[in-house]
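K.L.:
need a 3D model of the following:
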Amino acid sequence: MPITTHKLRWGILGAARINERLLPAIVQADNAELVAIASRRPGAAAETLNRFAPCYPSVTVYDAPEDLLNDPNVQAVYIPLANHEHAQWTLRAIGHGKHVLCEKPLALSVSDIHAIQAAAHQHQVMVMEGFMYQFHPQHARVQELVQSELLGDIRSVRATFSFMMRPERMYRLEAPIAQGGGAMWDIGCYAIHTVRSLFGQDPIAVTALHQTLDSGADIAASGVLDFGDGKFGQFDFSFARARRSEYEIIGTKGGLKCHVVWQLPGDVPVLTWWTDDGRQTEERLPAANHFRLEVEHFSHCVLSGTAPKLSLDDAHGNCRTIVAALQSAAEGRKVSLA
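P.N.:
Modelled structure (predicted):
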């Protein structure tokens with residue numbers, strides 16, 4: 001059911017670093033209002049609020065996440081906790097009747113996605129996985145070019161995401177893959193999601209290789225997604241390579257490159273495309289804050305009762321593909337998804 005207010009009242013369930021982007025996005029969104037933030041670390045929620053939104057002292061601060069979930073003033077929560085905690089806290093929030101925007105990955109197993117789908121249906125709340133890049137206008141422009149058949153039939157998509165891990169961020173590599181540590185659950189999920197979304201379908205098979213550390217975390221991986229009929233997607237990501245954040249589409253008539261996929265709010269988007277008949281074009285688009293656009297989209301969906309752009313079926317498809325890619329890398333073989 002839609003909510004009969006002009007602004008969706010948000011709570012943030014954690015004081016993670018991503019709040020540098022999401023907390024201001026909620027504050028700046030036209031149809032959202034930040035009303036609470038919680039953390040299990042005493043004082044951390046207040047510190048986060050003072051750091052990223054010092055002009056909002058009316059926001060309620062909690063030192064226990066359950067207290068925020070029990071706050072009747074909170075209608076929706078954003079969950080930026082550690083990867084292995086996303087599913088359990090999403091389910092707790094759903095159980096309290098809250099709508100949920102959960103930072104990717106929504107879950108580490110397909111069975112957890114199923115549980116979230118069932119709970120969301122039972123409690124009549126909306127849940128969306130936080131792939132913020134999908135809300136940047138440059139990707140709508142890419143879809144416009146693809147649907148115009150300028151590039152012909154899409155046959156290949158390559159997505160790359162890499163950067164050198166800073167020493168202070170090495171905690172991302174302390175837990176094994178099964179506990180949400182490493183590159184796949186952190187940045188690889190973006191690359192795989194990008195390939196799936198550009199093809200508009202799920203793959204039928206995956207083959208992958210990865211490099212792992214003594215902790216059991218992966219630090220780099222590459223792979224191929226088979227979409228059938230000679231259509232292939234390549235993904236490549238790493239915490240030990242120079243920064244790359246791009247995708248490339250090759251069709252039967254031409255190709256397109258998105259030069260910076262995971263934009264910062266002030267970055268100028270650049271798309272280049274070419275065709276076999278000799279046309280070459282570079283497009284520079286206006287800068288946009290995809291974090292704010294994501295919050296505004298989800299808020300609009302809850303307030304109006306319309307379905308989010310990123311469905312739980314999409315979350316299921318991405319999780320299933322990731323799990324298959326990890327299995328392929330671990331076992332050294334192609335894994336079927338058909």
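
K.L.:
burial measure for the closest residue to K98 other than its chain neighbours, as a count.
P.N.:
The shortest distance from K98 to any non-neighbouring residue, by Cβ to Cβ, 6 or more residues apart in numbering, is to V77 (4.9 Å). C-beta here means a position set from N, CA and C on the backbone, and glycine is covered the same way. Residue crowding around V77 was assessed by other Cβ atoms under 10 Å; the count is 28.

K.L.:
same question for F135.
P.N.:
The number of residues near F135, taken as other Cβ under 10 Å, comes to 21.

K.L.:
for the helix or strand hosting V146, buried residues please.
P.N.:
Assignment of secondary structure by DSSP states H and E places V146 within helix 137-147. Neighbour-count burial for helix 137-147 flags Q138, H139, R141, V142, L145, V146 (criterion: 16 or more other Cβ atoms under 10 Å).

K.L.:
where exactly do the strands run in the stretch 1-150 of the chain?
P.N.:
With DSSP state E, counting those that start in this stretch as the criterion, the stretch 1-150 of the chain has strands at 8-13, 32-38, 60-62, 76-79, 99-103, 127-130.

K.L.:
quick one, which of these is nearest to Y190?
P.N.:
Nearest of the strands of the stretch 1-150 of the chain to Y190, taken as Cβ to Cβ: strand 127-130 at 10.8 Å.

K.L.:
residues making contact with the closest one?
P.N.:
For strand 127-130, the external contacting residues (Cβ atoms under 8 Å, 6 or more residues apart in numbering) are 78, 90, 94, 99-106, 116, 120, 294, 298, 301, 308-310, 312, 314-315, 318.

K.L.:
how about a cut-off of 7 Å?
P.N.:
90, 94, 100-104, 106, 116, 120, 294, 298, 308, 310, 312, 315 (Cβ atoms under 7 Å, 6 or more residues apart in numbering).

K.L.:
farthest-separated two in the residues you listed?
P.N.:
Put simply, by Cβ to Cβ the two of the contacts of strand 127-130 set farthest apart are I94 and E294, 19.4 Å from each other.

K.L.:
V302: neighbouring residues, count only.
P.N.:
By the measure other Cβ under 10 Å, the count of residues near V302 is 24.

K.L.:
hang on, it is in a strand, isn't it?
P.N.:
No - following the definition DSSP: H, G, I helix; E, B strand; the rest coil, V302 is helix and is not counted among the residues of a strand.

K.L.:
that one reaches A76, doesn't it?
P.N.:
Yes - V302 is within contact range of A76, at 6.0 Å (criterion: Cβ atoms under 7 Å).

K.L.:
what touches both of those two?
P.N.:
Here V302 and A76 share the contacting residues L8, H99, scored by Cβ under 7 Å, 6+ apart.

K.L.:
can you give the domain ranges for the chain?
P.N.:
Residue ranges for the domains of the chain, per automatic domain parsing: 8-133+292-307, 137-288+319-336.

K.L.:
just say which of those domains is most tucked in.
P.N.:
Mean neighbour count (mean count of other Cβ atoms under 10 Å) peaks for domain 8-133+292-307 among the domains of the chain, with a mean of 20.

K.L.:
quick one: end-to-end length of that one, please.
P.N.:
The first residue of domain 8-133+292-307 is 15 Å away from its last residue (Cα to Cα, to the nearest Å).

K.L.:
work out the gap between it and the centre of the chain.
P.N.:
A distance of 14 Å separates the C-alpha centroid of domain 8-133+292-307 from that of its chain, computed with Cα atoms, centre = their mean, to the nearest Å.

K.L.:
cheers, nothing more for now.
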